[in-house]
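In: okay, predicted coordinates and the sequence, questions at the end:
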Amino acid sequence: MLSTGYLTFLLASLSVARAQQVGTNQAETHPRLSWQTCTRSGCTTNSNGAVALDANWRWTHITSGYTNCYTGNTWNTSICTDNAACAKNCAVEGANYQQTYGITTSGNALTLKFITKSEQTNIGSRVYLMASDSRYQMFNLLNKEFTFDVDVSKLPCGLNGAVYFVQMDADGGMSRFPNNKAGAKYGTGYCDSQCPRDIKYIDGEANVSGWQPSSNDSNAGTGNYGTCCSEMDIWEANSISTAYTPHPCRTSNSGGQQRCTGQQCGTPIRHDGICDPDGCDFNSFRMGIKNFYGPGMTVDTNKKITVVTQFLTNNNSTTGTLTEIRRLYVQDGRVIQNSKTNFPSLMPTYDSITGKFCDDAKKAFGDATSFQKQGGMQQMGAGLAKGHVLVLSIWDDHTANMLWLDSNYPTDADPNKPGIARGTCPTSSGNPKDVEAQSPNAQVIYSNIKFGDIGTTYSS
């Protein structure tokens with residue numbers, strides 16, 4: 001995602017961290033979530049689907065007791081003397097999905113609540129679709145389409161209900177990194193195109209070395225390491241704005257997960273890492289059509305929306321080269337084609353993501369060309385061919401207040417300049433403290449996930 005932010009889990013007696021050993025205090029039972037695969041002959045329900053919570057949300061403690069390995073935004077350095085020792089000495093626990101995290105499923109529907117109060121207060125969540133109890137479901141999107149329903153009516157400015165694919169290991173990294181005993185069952189192995197350095201365990205080791213607590217998030221920090229991989233943002237959205245965005249990476253394994261340090265992670269120069277942090281985004285508002293998506297608009301965010309994304313190749317096969325990523329919507333039984341760009345003096349008219357669209361949009365908006373530098377559509381397609389994991393989340397943004405999605409960004413730029421305005425939210429919105437105080441009942445509902453041949457996952 002464009003800005004990883006920090007999805008905060010505030011705990012009184014527990015702590016948020018990602019560990020590699022497995023605790024025994026809370027059984028891990030994945031909530032069931034059915035989904036469908038579709039062909040010209042029809043759709044088949046996968047009734048054994050389930051979701052697993054990302055390990056960064058889970059309680060981690062010493063393997064021999066209850067002492068926290070990480071509290072607030074600080075490691076317990078008496079236990080975590082170095083990266084390897086921390087992974088060896090700390091265990092991650094199973095999750096009480098509904099009571100602690102506000103995560104519930106019903107048939108093919110997944111509800112993620114923004115704030116859940118039990119003995120502690122949980123903020124945000126990130127889950128992965130599972131193929132089995134110990135492996136993530138892998139998707140090859142080339143020459144396929146991915147469809148889901150979403151209700152964003154309770155997502156105000158500053159929040160992001162995100163559905164995206166990342167090139168994680170199917171087993172969460174267990175086979176590559178023997179110190180990782182938790183694996184996909186406990187939500188390990190996360191990576192994305194931001195090469196996030198707030199991930200507490202990477203490659204079977206802790207991220208203790210160089211850890212700096214966040215200055216504006218009492219539960220987060222950054223270590224010396226980041227974790228990079230290709231990312232395809234299908235849906236980053238609230239009730240005001242939405243965008244879909246490919247982010248290619250040139251990691252050592254064709255976009256797959258790779259631990260990074262320093263400039264590899266895009267630090268200090270954001271666009272000189274091994275991944276494309278900005279992506280090539282299509283946000284209808286940013287593209288000049290300001291009445292297409294939102295409450296009461298063409299795509300009405302007061303109602304449930306069916307979102308269809310198609311990945312077209314040069315030879316209409318799953319082994320072809322990615323050439324176009326198309327978007328359409330279905331609402332109230334009507335197919336709604338994507339909006340078109342509206343800068344006739346700056347670029348031709350586009351309604352989908354292609355290499356030419358990305359070149360022209362970057363030039364028109366004066367954006368950095370890291371998408372092209374990291375291989376563009378061809379590299380994105382090469383990564384998709386390797387298989388990606390489906391991520392579903394809800395989060396607020398401690399880095400940029402989500403203004404890159406739903407407001408004018410950068411905030412000091414002229415909002416009349418093409419590409420600056422991304423939504424109608426004020427530039428003063430999105431501060432996590434405000435969002436958390438003012439929107440305690442925010443939530444997102446994802447349902448009716450379908451994956452299959454082009455034209456088979458939706459109907460009018």
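Out: Yep, that arrived.
In: surely Tyr225 touches Gln264?
Out: No. Judged on CB atoms under 8 Å, Tyr225 makes no contact with Gln264 at a distance of 9.7 Å. The way it works is simple: take the backbone N, C-alpha and C, and place the C-beta from them, glycine included.
In: of the two, which one has the most company?
Out: Each of Tyr225 and Gln264 has its neighbours counted (other CB atoms under 10 Å); Tyr225 has more, 27 against 18.
In: how much space between that one and Asp54?
Out: Distance, Tyr225 to Asp54, by CB to CB, to the nearest Å: 17 Å.
In: again with Thr71
Out: With distances taken as CB to CB, Thr71 is found 19 Å from Asp54.
In: ok, Met168 - contacts?
Out: Listed by CB atoms under 8 Å, 6 or more residues apart in numbering, the contact set of Met168 reads 128, 136, 189-191, 229, 257, 388-389.
In: typo on my end, Ser118
Out: Contact analysis of Ser118 by CB under 8 Å, 6+ apart lists 99-100.
In: give the closest residue to Arg135 in space, chain neighbours not counted.
Out: Spatial nearest neighbour of Arg135, excluding adjacent residues (CB to CB, 6 or more residues apart in numbering): Ala170 at 5.1 Å.
In: check the burial of the one you found by counting its neighbours.
Out: Neighbour tally, Ala170, other CB under 10 Å: 19.
In: next one: Thr44
Out: Using other CB under 10 Å, Thr44 has 11 neighbouring residues.
In: ok, the one 5 residues further on next?
Out: When counting by other CB under 10 Å, one arrives at 20 neighbours for Gly49.
In: pretty sure it is touching Met130, no?
Out: Yes. Counting by CB under 8 Å, Met130 is a contact partner of Gly49 at 6.8 Å.
In: give me the common contacts of these two.
Out: Residues touching both Gly49 and Met130 (CB under 8 Å, 6+ apart): Gln137.
In: isn't Thr411 right next to Ala400, touching?
Out: No. Assessed by CB under 8 Å, Thr411 is found out of contact with Ala400, at 9.1 Å.
In: which among the contacts of Met168 gets closest to Lys154?
Out: Nearest to Lys154 out of those is Tyr128 (CB to CB; 22.9 Å).
In: ok, that closest one - contacts?
Out: 51-52, 54, 136-137, 168, 184, 187, 389-392.
In: can you name the residues bridging to Phe311?
Out: Ile325 (DSSP bridges).
In: quick check, pLDDT for it.
Out: At Phe311, the model reports a pLDDT of 98.
In: what residues are up against it?
Out: Per CB under 8 Å, 6+ apart, neighbours of Phe311: 141-146, 322, 324-325, 381, 384.
In: spatially nearest residue to Ala382 (excluding sequence neighbours)?
Out: Nearest one to Ala382, counting by CB to CB, 6+ apart, is Ser254 at 5.4 Å.
In: any idea which helix or strand carries the one you found?
Out: Per DSSP states H and E, Ser254 falls between elements, in no helix or strand.
In: please apply the same query to Val444.
Out: Going by DSSP H and E, Val444 is part of strand 443-453.
In: and which of the contacts of Tyr128 is nearest to Pro277?
Out: Nearest to Pro277 among those: Val391, at 16.8 Å, using CB to CB.
In: neighbours around the closest one, how many?
Out: The tally of other residues near Val391 (other CB under 10 Å) stands at 24.
In: could I get the contacting residues of the residue nearest to Ala382?
Out: When contacts are counted by CB under 8 Å, 6+ apart, Ser254 touches 382-383, 386.
In: what does the pLDDT read for it?
Out: pLDDT, read off for Ser254, is 92.
In: tell me how far stretch 175-188 lies from the chain's centre.
Out: Distance, stretch centre to chain centre, for stretch 175-188: 20 Å (CA atoms, centre = their mean, to the nearest Å).
In: pull out the buried positions in that stretch.
Out: Buried residues in stretch 175-188, counted by 16 or more other CB atoms under 10 Å: 177, 179-188.
In: against Phe285, how distant is Arg426?
Out: Quick fix: residue 426 reads Pro, not Arg. From Pro426 across to Phe285, the span is 14 Å (CB to CB).
In: compare these two (neighbour count), which wins?
Out: Applying other CB under 10 Å to Pro426 and Phe285 shows that Phe285 carries more neighbours, namely 23 against 13.
In: show me where the stretch 301-450 of the chain has its helices.
Out: In the stretch 301-450 of the chain, the segments counted as helices under DSSP state H, counting those that start in this stretch are 355-365, 370-373, 376-384, 403-406, 432-438.
In: among those, which comes closest to Thr313?
Out: When those are compared by CB to CB, helix 376-384 sits nearest Thr313, at 7.3 Å.
In: avg pLDDT for the closest one?
Out: On average, helix 376-384 scores 98.
In: can you check stretch 445-460 too?
Out: In this model, stretch 445-460 has an average pLDDT of 96.
In: end-to-end on stretch 278-297?
Out: By CA to CA, to the nearest Å, the extent of stretch 278-297 from end to end equals 27 Å.
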